[in-house]
Every structure is written in structure tokens, then in C-alpha cells.
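1. need coordinates for the below:
(one chain, ligands or ions: 1)
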Amino acid sequence: MAKPEIRLEVYKGERQLKLIQPLIDKDLSEPYSIFTYRYFIKQWPQLCYLAMEGDECVGAVVCKLVSVMYNSGKIYRGYIAMLAVREDRRKNGLGTKLVSASIKSMIAQGCQEVSLEAEVTNKGALRLYENLGFIRDQRLEKYYLNGHDAFRLKLRLAPLPGGALFHLQLDEDPWLRCSSHPISCLTCRFCRMAQGVMSAILTGIRKRVAMYF
Ligand SMILES: CC(C)(COP(=O)(O)OP(=O)(O)OC[C@H]1O[C@@H](n2cnc3c(N)ncnc32)[C@H](O)[C@@H]1OP(=O)(O)O)[C@@H](O)C(=O)NCCC(=O)NCCS
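-> Residues are numbered from 1 along each chain as shown. Next comes the predicted model:
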């Protein structure tokens, strides 16, 4: 008999938590309590997607979206907390579909950037996220209980308040501006370079947002 098609479903209720939890627990670097699952899923059910094959859950993604202060403004920051695809269904684009569905939903709610952590050795996850436009923002030493390091990955979807495009201290990065000009002056070599970098990044952001629609 032919296998049923895999369909994506947005989270509907507690019954589905019983499907998601064993799938995710099996693979993640550290155990999550039921309270952690509920923290995310109860507050942001619209950002939790399941990949269903008949009655079986073969993949899931769990996220949140919060508003945080950034400089003098507020930004909406998405966070991908959990992602797993059942071993026998991997490398078929399912992980990418789950993440894309949740990011699309975040964008619809005004999300400006998305972040997550992944183990530095997790080739599959790093490839998946980098294919979707995420960049390695930071290396976090001994981030997991098993002592492994993580990369914090970020996807920029819109410029941040004040025109800034990065959380980096701008002084640390000579490519972003010259030390004497807090805002690009457009006349010196460094500021012109920074403008070039910024407009390339803005074009990238537009393309990435378009990719989800
Ligand atoms: C990471 C995970 C979700 C990927 O799911 P998936 O359905 O296999 O992902 P996709 O099929 O969409 O693959 C996305 C890309 O990653 C690549 N990829 C997937 N697994 C890979 C692996 N083990 N090694 C190298 N590349 C891999 C795919 O080839 C594809 O890249 P391509 O299109 O350039 O060829 C899955 O491996 C998994 O559940 N792992 C265990 C849990 C986990 O690590 N979660 C992430 C926590 S941050």
C-alpha cells in the first residue's frame, strides 16, 4: 500500500503534544521537561508545526515570538526552540518545510529577526539553516549540558530601529562605519564601504522575505 502523503499541520491541542515530545526528546542535546514544551506551545501554538504522515508525527518545529527593546525602539524577535524530523524521513526537505512554515508565520506577525542555537557539530541543522539565509552570529562555548559548543544563528528579516542591521557593537567592525561617524557620512571611504555593505544586506533581506511568500 502506498504511504500517505506528508502534510504540515499547525498545532491544534494537547493531544498533539504527546506526538511531538517523544520525537524531539529522542534527538536533542539535552532533555526538556513537559513545562518547557508547554511554555512554548501554549503561548505560541500558531508557531508550532507538525509534519503528519497519516496519524504519525514524523517532524515538528516549536518556536516563539516576543517583542524586546532594541536601542530606543521595540523589535519582534522570533526564536526556533526545537526542530526534529524522524530519522527515516530526513534529507527529503521536510526540516526545511517546517522551519519555512514557522518563519512565514513569524513574518506575518511582524518578526524582524529569528535566532536559534545549534551544536557546532550538527552538520544537518547548520546546512538547513544556512540554506535559508541564517548566519553564524556567535560561538557559545560549552553551551549544552553535554559540554558541546553551539553556534547562535540569526536570520535578519528587516532593519532594526535606528537603521542598524546588526547587534554587533559597531565599533568592533570597521566595515560598518568609521569611528568618527556614528551614522554614515557618505563621504569618507569607510562610510561609503559601510553603505555598500548595508545596501547589499538590505537587498538580501528583501530577497529572503520574498522567498517565504
Ligand atoms: C536537522 C534536521 C531537522 C534536518 O531535517 P531534514 O528533513 O533532514 O532537513 P532537509 O531535508 O530539509 O535538509 C536541509 C539541508 O541539510 C542537508 N542535510 C540534512 N541532514 C544532513 C546531514 N546529516 N549532513 C549534512 N547535510 C545534511 C540536506 O542535504 C539539505 O541541504 P541541501 O538542500 O543543500 O542538500 C534533522 O536531521 C534532525 O531532526 N536532526 C536531529 C534533531 C536536530 O538536530 N535538530 C536541530 C536542532 S538545532
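
2. part of a helix, is residue 207?
-> Yes. Assigned with DSSP: H, G, I helix; E, B strand; the rest coil, residue 207 falls within a helix.

3. how about it, what does it touch?
-> Applying C-beta atoms under 8 Å, 6 or more residues apart in numbering, one finds that residue 207 lies in contact with no residue. Using the backbone N, CA and C atoms, a C-beta is placed for each residue, glycine as well.

4. near the ligand, which residues of this structure show up?
-> For the chain, the contact set with the ligand under C-beta under 6 Å from any ligand atom comprises 27, 83-85, 90-96, 118, 122-125, 127-128, 131.

5. max-length strand in the chain?
-> In the chain, taking DSSP state E as the definition, the longest strand is strand 56-70.

6. for it, which strands pair with it and how are they oriented?
-> Sheet pairing of strand 56-70 (DSSP bridges) gives strand 49-53 (antiparallel), strand 73-85 (antiparallel).

7. how about the helices in the chain?
-> In the chain, the segments counted as helices under DSSP state H are 14-25, 34-43, 94-108, 123-131, 189-211.

8. and those helices as TSV, adding distance to residue 4 and mean pLDDT?
-> Formatted as TSV, those follow (distance: least, C-beta to C-beta, whole Å; pLDDT from 0 to 100):
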stretch	distance to residue 4	mean pLDDT
helix 14-25	15	94
helix 34-43	24	96
helix 94-108	14	95
helix 123-131	24	96
helix 189-211	28	72
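
9. now tabulate these in a markdown table and tack on distance to residue 145.
-> Putting these into a markdown table (distance: least, C-beta to C-beta, whole Å) gives the following:
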| stretch | distance to residue 145 |
| --- | --- |
| helix 14-25 | 14 |
| helix 34-43 | 13 |
| helix 94-108 | 23 |
| helix 123-131 | 18 |
| helix 189-211 | 33 |
